[in-house]
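Peer 1: Dropping the sequence and predicted coords here.
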Amino acid sequence: MSHQDKKSRSAETFRSARWFAPDDLRSFGHRSRAMQMGYSAQEWEGKPVIGIINTWSDINPCHTHFKQRVEDVKRGVLQAGGFPLELPALSLAEQFVKPTTMLYRNMLAMDAEELIRCHPVDGVVLMGGCDKTTPGLLLGATSAGVPAIYVPAGPMLRGNWHGKILGSGSDAWKYWDDRRAGLISDKDWTEIEGGIARSHGTCMTMGTASTMTAIAETLGMSLPGASSIPAPDSNHVRMSADSGRRIVEMVWEDLVPSKIQTHAAFENAIMVAMAMGCSTNAIIHLIAQAKRAGCDIGLDDFDRYSRVIPVIANVRPSGDQYLMEDFYYAGGLTGLMSRLKGHLHLDAMTVTGKTLGENIADAQVYNDDVIRPLDNPIYAEGALAVLRGNLAPDGCVIKPSACPPHLHQHTGPALVFDDYPSMKAVIDSEDLNVTADHVLVLRNAGPQGGPGMPEWGMLPMPKKLLKQGVRDMLRLSDARMSGTSYGACVLHISPESYVGGPLALIKTGDMITVDVPNRCIRVEISDEEMQKRREAWTPPAKRFERGYGWMFSKHIQQANEGCDFDFLRTEFGKPVGEPDIF
C-alpha cells in the first residue's frame, strides 16, 4: 500500500506549506532563496519536507560513516516523494568532549528541538549513535512533536590483538590494569591502542551507545532490527535508505512521537534494557525521555522489572565472551525481544505503523549461547539494581550482573576522596592505607559537582591491590560510569554531594554497608551524628559564573530525575507554538 493510499492529511496542512505556499512577500523570499540553492518548485510543492538532523563531525569516530549515510537517507526520501534537507547538529563525540558529553546532552536536545521548530520541515530523520546523541536527539524530537525516525550509527567491528578479541572500553580498563601491574609491555599497550577500534561505529560492547540505540528501537522510534546492524555492514546502508522512505510515509500518516512513546513503550524499553545487561546510563536517559513524553517513569520502575527480567544477552561486559557483532548474527534485538513476548506490551505502536508484536512476529534466535533462553540466563535478575538508604535517600544504582557476587553484600571502612585529582594523585602509591575490604568513595562528581556528572564512577583500583591480585572492590560515587565498564561500582548517588547530599558528610573510616539483595546502602553512623556533620558542612565553590555552564548549574536536575533541565520538562509550561511568519 502506498502512502497515497493511507495518507491521513493533505499537503496543505504541512508545516512547510506555511513557508512555501502563501502568495505574499515573505514566502516569495523563502521560494527565491530555495531557488538560489538550485532547487525548483516541483521539488517541494505538495511534498513532505524532511529534515535530516545529522550529528556527523570530523572528530566523532562513531559517526565517520554518516557523511555517506546521510546521502543514503536522502536517496530514500527522494524515492518516496519527499524533499530532504540536511541540518547539522552538535556531534558530542564521547571520547573527545571534556569534561563530559553529559554536560551537553541537553544542549543537543535544545539544538534538535529548535532546528525542527524554526525550519520548514514536516518530519525528521535523526542520525545518532554515540552515547548522548541518541537521548539528546530523541528528547528534542519528542518536544518538537513532528514525525521522527531514528537512524542508529551501529556498532563497530570486533577489536583484535595478537589473535585475541578486544571489546571497547572493557578491555581498555583490563589491559590498563595489567600495564599498571607490570603484566604487559609498553609495546603491547601501543598495539592494543591500534587494534581495539578498527572500524567506524559505536562501541561494540553492550555499552551506553548500544544500550540507547536498542532502547530507541524498542520504544518504536527505529525500524525493526536497525540498532543491531554493524556500522560497516551493507545492511546498514539499506536500513538508512529504508528510514528515509519510511519518514515520508509517516508524515502523510501524521505518525508523531506522542502516538509511539507511550507509558507501555517505556516499560518495554526498561524490560529489554534489563534483558540486554544494559548500561547504567540507561536509567538517567530513559527517565528524562519518559518525562518529556509525559510518562511517569522513575527508579522504582527499573528496580521492579530488574527483579523479574533476567539478563539473556551474553554480551560483554555483563557476558564474558561475545560482542555486538555476535549479537547481530545471533538474531539481534528482534531476536532478543522474541524471547520476551510473554512480558512485553506487544500492542505498542512503532514507526512502521505496525505494533511491536507485528514487527517481531517472525523474529528468531540463531545462537542460544549469545541470546540465551529465559530458563538459561547469564544472570537470573535484570542488569541493574536500585539501592536506597541514609547515604542515598533518593536512590543510587549498581550493575550486579557485572560485579562479583561476594561484593553484593559488603561492609567496610570508607576511603574518601573529595575530587578526582586528589584520588588520582595517590591511587598508585604503595603506601596508600587500603585493603580489599575498604570502600573507595569519590564525591563532587555529580550533575553539578562534576560538572556534568562525568564517567568517573569506575574508580581505578589501587595499584597496591592490583599487585596483590585484587581486581575488584566496592566503589561509591555520585558520578556515572561508561556502559563498557564493570565492577562493584555504586553510581548516581542522589542527592549529589555538591548540593549537600549525605555523600558530602561521610569521613574516611566510616563503615559503609551495601546490600544488593535487600536494595540497601547506608553509612553506619547515627542520625544525630549525620545532622551534626550537616550543620558543619560548607558548600563548595561555584563551578561556573557565566555562559552555558552557569545556565546548566542553575537548571540541571538530579540523577534520579533524569538530569534534564527543569525548564525543558513538559510540565514546566504551555507547549511552544509554531513560529510566527510575517
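Peer 2: It's in.
Peer 1: so who does Y548 touch?
Peer 2: Going by Cβ atoms under 8 Å, 6 or more residues apart in numbering, Y548 touches M107. In this view, the C-beta of every residue, glycine as well, is placed from N, C-alpha and C.
Peer 1: Could you check how far the helix or strand harbouring it is from the centre of its chain?
Peer 2: Secondary structure assignment for Y548, by DSSP states H and E: helix 547-555. Centroid separation for helix 547-555 versus its chain: 22 Å, with Cα atoms, centre = their mean, to the nearest Å.
Peer 1: Any stretches of the stretch 51-200 of the chain with poor pLDDT?
Peer 2: Filtered on pLDDT under 70, the stretch 51-200 of the chain yields no residues whatsoever.
Peer 1: For it, which segments count as helices?
Peer 2: Here the stretch 51-200 of the chain has its helices, by DSSP state H, counting those that start in this stretch, at 66-79, 105-118, 133-144, 170-180, 186-195.
Peer 1: helices or strands up against the second one?
Peer 2: Applying 3 or more Cβ pairs under 8 Å, 6 or more residues apart in numbering; DSSP states H and E, we find helix 105-118 packed against strand 49-54, helix 133-144.
Peer 1: what inclination does it have with respect to helix 547-555?
Peer 2: 100 degrees (axes from the mean of the first three to the mean of the last three Cα atoms, to 10 degrees).
Peer 1: need the helices of the stretch 51-200 of the chain in TSV with mean neighbour count and distance to T513, can you?
Peer 2: Below are the helices of the stretch 51-200 of the chain laid out as TSV (neighbours: other Cβ atoms under 10 Å; distance: least, Cβ to Cβ, whole Å):
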stretch	mean neighbour count	distance to T513
helix 66-79	20	47
helix 105-118	22	33
helix 133-144	29	33
helix 170-180	18	26
helix 186-195	13	38
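Peer 1: and of the ones you listed, who's closest to G163?
Peer 2: helix 186-195 (10.4 Å; Cβ to Cβ).
Peer 1: Give me the spatial nearest neighbour of the spatially most central residue of the chain, chain neighbours excluded.
Peer 2: Taking Cα atoms, centre = their mean, the centroid of the chain lies closest to M212, which sits 4.2 Å from it. Take M212 and drop its neighbours on the chain: the residue closest to it by Cβ to Cβ, 6 or more residues apart in numbering is T134, 3.9 Å away.
Peer 1: what's near enough to touch the one you found?
Peer 2: Residues in contact with T134, defined by Cβ under 8 Å, 6+ apart, are G128, Y150, P152, A209, M212, T213, I215, A216, H285.
Peer 1: number of nearby residues for the second one?
Peer 2: Summarising burial for Y150: neighbours were counted as other Cβ atoms under 10 Å, giving 29.
Peer 1: remind me which residues of the stretch 301-450 of the chain are low pLDDT?
Peer 2: The model of the stretch 301-450 of the chain has no residue with pLDDT under 70.
Peer 1: all helices of it, in order?
Peer 2: Using DSSP H, counting those that start in this stretch, helices in the stretch 301-450 of the chain cover 324-329, 332-338, 356-359, 420-426.
Peer 1: list the buried ones in the longest helix seen in the chain?
Peer 2: As assigned by DSSP state H, the longest helix anywhere in the chain is helix 234-253. By neighbour count on 16 or more other Cβ atoms under 10 Å, the buried set for helix 234-253 is 236-237, 239-253.
Peer 1: wouldn't the residue nearest to the centre of the chain be in contact with D131 here?
Peer 2: Yes. Using Cβ atoms under 8 Å, M212 makes contact with D131 at a distance of 6.8 Å.
Peer 1: ok, the closest residue to V49 other than its chain neighbours - contacts?
Peer 2: Excluding the flanking residues, the one nearest V49 by Cβ to Cβ, 6+ apart is S16, at 4.0 Å. Applying Cβ under 8 Å, 6+ apart to S16 gives the contacts W44, P48, V49, P120, V121, D122.
Peer 1: now A361
Peer 2: Neighbours of A361 in contact, by Cβ under 8 Å, 6+ apart: none.
Peer 1: and what of D369?
Peer 2: N314, Y322.
Peer 1: now swap in I215 and tell me
Peer 2: I215 makes contact with T134, A269, V272, A273, C278, A282, H285, L286, according to Cβ under 8 Å, 6+ apart.
Peer 1: Among these, name the buried ones.
Peer 2: Buried, going by 16+ other Cβ under 10 Å: T134, A269, V272, A273, C278, A282, H285, L286, out of the contacts of I215.
Peer 1: Including secondary structure and distance to N314, could those residues go into TSV?
Peer 2: Converted to TSV, the buried ones among the contacts of I215 look like this (DSSP: H, G, I helix; E, B strand; the rest coil; distance: Cβ to Cβ, whole Å):
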residue	secondary structure	distance to N314
T134	helix	23
A269	helix	21
V272	helix	15
A273	helix	16
C278	coil	14
A282	helix	18
H285	helix	24
L286	helix	23
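Peer 1: Mind putting those into CSV with distance to H438?
Peer 2: Shown next, in CSV, are the buried ones among the contacts of I215 (distance: Cβ to Cβ, whole Å):
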residue, distance to H438
T134, 36
A269, 37
V272, 36
A273, 31
C278, 29
A282, 29
H285, 32
L286, 33
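Peer 1: what's stretch 318-329 in contact with?
Peer 2: Contacts for stretch 318-329 (Cβ under 8 Å, 6+ apart): 155, 157-158, 165, 167, 204-206, 210, 228-230, 233, 277, 311, 313-316, 330, 336, 366-367, 369-371, 378-379, 383, 399, 401-402.
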